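Engineer: Got a predicted model here, sequence first, then my questions.
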Amino acid sequence: MIDSRRKSDGCCGDDERGGGRGGGRGGDNSISGGGQKRCGDVEGRSNRNFKSCSVPPVFYNEQLVELFDVDSPVDIPFISAEIVGSANGLICLCYQDDKKFLWNPTISKSRELPKLEATGYLDCRRGFGYDELHDDYKVVFVHFYYVSGNTSSLRTVVNMYSLRNDSWRTLHDQLQDTFLLNSLGKFVNGKLCWNSTIGTGNGDRNLCITSLDLADETWGTLELPNCGKVGPNYMMGVVGSDLSLICACRLDITTSDLWIMKHCGVNVIHTVLLKFVSGYDFVFTPLSATTEIIIPNEILTDILLRLPPKSLLKCMSVSKSWHQLISSPDFVKTHLKLKTDQLVLFPGINGKYKFCSLTPLFNKQQIAQELLLIDSPNLKVFFVGSVNGLICLCNYARETYIWNPTIKKSKKVLYPKLGTSFYNKYGFGYDESSDDYKAVFVDYYRNSYNDDVSKMKTVISIYSLRSDSWTILHDELQGVFLLNHSGKFVNGKIYWAASTRIGNYDVYNIISFDVAEETWGSLELPSCGEVNSKFKFKLGVVGSDLSVMYTCYLGTATSDVWILKDCSVSWMKLFTIEYPQNTVLVMFSALIFTFSIHLSQSEKGDILLSLPGLIMIFDGSTKILEHTADVEGCNPAETYAESIVNPLMISGKNSA
């Protein structure tokens, strides 16, 4: 609990408007006070000392003159400090001369934050807290500006400092028509909370609570409790580790109701659980409520399994028991088997990945406006494969990353040093029998400058995430040259189109790698009639089925799409797509890249074909091309489903 013990003197731009000074969850049982210079202090006195004491003397009405001095990070006379917040023993201080510090008084260590440029703002709101998901401490400054002098319209600029990155990020207009009342946010259970007002659209404003989740950096709102009185006045604070409100009626100032935002624990009230399912994180309940119901574990598990991955991440912070349940291997595997929304992942350039849902693509909306950007763990990487929400990346130094962008966890793997190969192919897949993820790299080494595949040496490197180790195999693919860079993972196997010669890119057959058994196999191509060098096969997937696309370049403008349904041994022709005569099909000849096809779930059943740098949509009835869109990057889009699979937990590591 923190008490500045002074009137606000304009530090950081505004006066306190309600609520206590920002306290943090996880602090010690002590009271600290600022020993700053006030207007009546003797000139020249230093403001260096803060005061602290344990809680028991306060309860037992002992003299507070026994407060202990605590040296602050700076010793500047006449400069006042404001305590922005406290979490896990760290205190955030904001000085009147715009200096900001994170300070641990126990070990007498501090760090000054980089300067934050902010001018001309109407008001400022601040907060400090701990992001447990990323083991990071974050400082938040929200600046409010008038729009072109219009006093009825406000814009916000949110500046967020990350201790882990030691840098500020600026986010614009994240709070639509919302004004935060407390100058200092209360940090409780991973969120900063402010009393606030929000516009209703008809000129009125409603009181509510606005929260910022420090883990996923999203804003949310909650209704205030219904006190059943006219004109209540709310003051925000904390009771133990729970966010609290004191509700005082303006018509009756002799009493106040104390409400807490009861966080879910082992024993939860049914209404709290229902609020979680409907999308809320908390529910208000009177402090005097004593009715508690223990939810059977099987019912709780069934409810949590229905939630999407990002909601599960929030639920993991509810309690230790919920965290253990959601992160358990059985829960993660069961959640994977349930149907989740399919996203389309666009591997870009220099580690810039984008994704979106299928709906805007089929609706022919502007792709550039729909794609969401996610940064990979390393900027100079190329795409190896994706399965169960994990993405495998590799850079040219052969450092490999297995990354889950949903939970922002990645596992870095050092590739064994094998020398410089002339060609390398790769793939990534899942071994369900051992719940393991494996990356496969195939390197070709020339004995001479002869392009004869039979005279080339092959080295196959297989990485197991579960054992966090490599297996090296020699000359298992003698006389076989894999064409596409990245193999397609379908139903337990990774597939490549293959040829018998390096200089000629005619597809001879399809080579497969069984991820569980670590064995190689081959598959004949479908019989498409007359075959010569002018006819080309391209490997890809249609939904969850392995597919080949058979395109003729002798004046025709069609491609036959075949699928290997449910891993059977026979091919089935699915449909033939047709292009305009003037369509340039340059990318169809690049066999080093694959394709993917998605089928619309609507009655029309449109077909979405993804090629490197290109999206093509065909009419579901006529199979005629009706829309194209360019996409940045040289890799085709991949199907991606969000998950909570943690690569660090699988490999036995528990820190990023």
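Structural biologist: Great, that's in hand.
Engineer: buried sites along whichever strand or helix holds residue 300?
Structural biologist: Assessed by DSSP states H and E, residue 300 sits inside helix 297-305. Buried residues in helix 297-305, counted by 16 or more other CB atoms under 10 Å: 300-301, 304. (C-beta placed from N, C-alpha, C; glycine too.)
Engineer: Packing partners of that helix?
Structural biologist: The contact analysis (3 or more CB pairs under 8 Å, 6 or more residues apart in numbering; DSSP states H and E) places helix 297-305 against helix 270-277, helix 320-327, helix 329-337.
Engineer: State the mean pLDDT of that helix.
Structural biologist: What helix 297-305 shows for mean pLDDT is 84.
Engineer: tell me what whichever helix or strand comes after it is packed against?
Structural biologist: With elements assigned by DSSP H and E, the helix or strand that comes after helix 297-305 is helix 309-315. Here helix 309-315 is seen to pack against helix 320-327 when contacts are counted using 3+ CB pairs under 8 Å, 6+ apart.
Engineer: ok, 10 Å please
Structural biologist: Packing partners of helix 309-315 (3 or more CB pairs under 10 Å, 6 or more residues apart in numbering; DSSP states H and E): strand 218-222, helix 270-277, helix 297-305, helix 320-327, helix 329-337.
Engineer: Can you list the strands that the first one pairs with?
Structural biologist: Strands adjacent to strand 218-222 in the sheet, as given by DSSP bridges, are strand 205-213 (antiparallel).
Engineer: Would you mind writing the CA trace of the strand it pairs with as CSV?
Structural biologist: Extracted in CSV, the C-alpha atoms of strand 205-213 (Å, rounded to 0.1, in the frame of the first residue of the first chain):
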residue,chain,number,x,y,z
ARG,A,205,-21.8,9.9,-20.8
ASN,A,206,-21.9,6.9,-18.6
LEU,A,207,-19.7,6.0,-15.6
CYS,A,208,-17.8,2.7,-16.0
ILE,A,209,-14.4,1.0,-15.3
THR,A,210,-11.9,0.9,-18.1
SER,A,211,-9.1,-1.7,-17.9
LEU,A,212,-5.9,-2.3,-19.7
ASP,A,213,-4.6,-5.9,-19.9
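Engineer: in that strand, what counts as buried?
Structural biologist: For strand 205-213, a neighbour-count test (16+ other CB under 10 Å) marks 208-213 as buried.
Engineer: next one: stretch 92-112
Structural biologist: Neighbour counts over stretch 92-112 (16+ other CB under 10 Å) mark 92-96, 99-103, 105, 110 as buried.
Engineer: what's around the nearest residue to residue 239 once chain neighbours are set aside, how many residues?
Structural biologist: Distances taken as CB to CB, 6 or more residues apart in numbering place residue 260 nearest to residue 239, at 5.1 Å, with adjacent residues excluded. Residue 260 is flanked by 21 other residues according to other CB atoms under 10 Å.
Engineer: Equivalent analysis for residue 524, please.
Structural biologist: For residue 524, the neighbour count with other CB under 10 Å is 11.
Engineer: quick one: it from residue 548, how far?
Structural biologist: Taking CB to CB, to the nearest Å as the measure, residue 524 falls 11 Å from residue 548.
Engineer: cool, and residue 309?
Structural biologist: Relative to residue 548, residue 309 is positioned 33 Å away (CB to CB).
Engineer: One more: residue 640?
Structural biologist: Distance from residue 640 to residue 548, counting by CB to CB: 22 Å.
Engineer: of those two, who's got more company?
Structural biologist: More crowded of residue 640 and residue 548, by other CB under 10 Å: residue 548, with 25 against 21.
Engineer: ok so, going back, the helix holding residue 300 to helix 329-337, inter-axis angle?
Structural biologist: Helix 297-305 and helix 329-337 meet at an angle of 40 degrees, taking axes from the mean of the first three to the mean of the last three CA atoms, to 10 degrees as the criterion.
Engineer: Verify the stated contact: residue 102 with residue 129.
Structural biologist: No. Using CB atoms under 10 Å, residue 102 is not in contact with residue 129; the gap is 11.8 Å.
Engineer: Now do the shared contacts for the two.
Structural biologist: The contact sets of residue 102 and residue 129 overlap at 84, 87, 90, 92, 137, 139 (CB atoms under 10 Å, 6 or more residues apart in numbering).
Engineer: Could you export those to JSON lines, including columns for secondary structure, distance to residue 561 and pLDDT?
Structural biologist: Converted to JSON lines, the shared contacts of residue 102 and residue 129 look like this (DSSP: H, G, I helix; E, B strand; the rest coil; distance: CB to CB, whole Å; pLDDT from 0 to 100):
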{"residue": "84", "secondary structure": "strand", "distance to residue 561": "59", "pLDDT": "91"}
{"residue": "87", "secondary structure": "strand", "distance to residue 561": "56", "pLDDT": "92"}
{"residue": "90", "secondary structure": "strand", "distance to residue 561": "58", "pLDDT": "92"}
{"residue": "92", "secondary structure": "strand", "distance to residue 561": "59", "pLDDT": "92"}
{"residue": "137", "secondary structure": "strand", "distance to residue 561": "52", "pLDDT": "95"}
{"residue": "139", "secondary structure": "strand", "distance to residue 561": "54", "pLDDT": "96"}
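Engineer: Out of the residues you listed, which is nearest to residue 507?
Structural biologist: Lowest distance from residue 507 to the shared contacts of residue 102 and residue 129 (CB to CB) belongs to residue 137, with 54.3 Å.
Engineer: orientation of the helix or strand harbouring residue 430 relative to helix 329-337 in degrees?
Structural biologist: Element membership of residue 430, judged by DSSP H and E, is strand 423-431. Taking the same axes, to 10 degrees, strand 423-431 and helix 329-337 form an angle of 110 degrees between their directions.
Engineer: Each with direction, which strands does the following helix or strand past strand 423-431 pair with?
Structural biologist: Using DSSP H and E, the next helix or strand after strand 423-431 towards the C-terminus is strand 436-445. If you go by DSSP bridges, strand 436-445 pairs up with strand 423-431 (antiparallel), strand 457-464 (antiparallel).
Engineer: Pick the most buried one from the ones you listed.
Structural biologist: Of all the strands paired with strand 436-445, strand 423-431 carries the top mean neighbour count, a mean of 22, counting by mean count of other CB atoms under 10 Å.
Engineer: mind saving the C-alpha coords of that one as CSV?
Structural biologist: What follows is strand 423-431, C-alpha atoms only, in CSV (Å, rounded to 0.1, in the frame of the first residue of the first chain):
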residue,chain,number,x,y,z
TYR,A,423,20.6,-27.2,-52.0
ASN,A,424,18.5,-27.6,-48.9
LYS,A,425,14.9,-28.6,-48.4
TYR,A,426,12.9,-28.5,-45.2
GLY,A,427,9.7,-29.4,-43.5
PHE,A,428,7.8,-29.3,-40.1
GLY,A,429,5.3,-31.7,-38.7
TYR,A,430,3.6,-33.2,-35.7
ASP,A,431,4.0,-36.7,-34.3
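Engineer: What average pLDDT does that strand get?
Structural biologist: In this model, strand 423-431 has a mean pLDDT of 92.
Engineer: one step back: tell me the confidence at the residue nearest to residue 239?
Structural biologist: Note on residue 260: pLDDT of 79.
Engineer: For it, pull up the helix or strand it's in.
Structural biologist: Here residue 260 is assigned to strand 252-262, by DSSP H and E.
Engineer: okay, and for the stretch 101-250 of the chain, where does confidence drop off?
Structural biologist: Residue ranges of the stretch 101-250 of the chain with pLDDT under 70: 147-153, 173, 200-201, 203, 227-232, 248-250.
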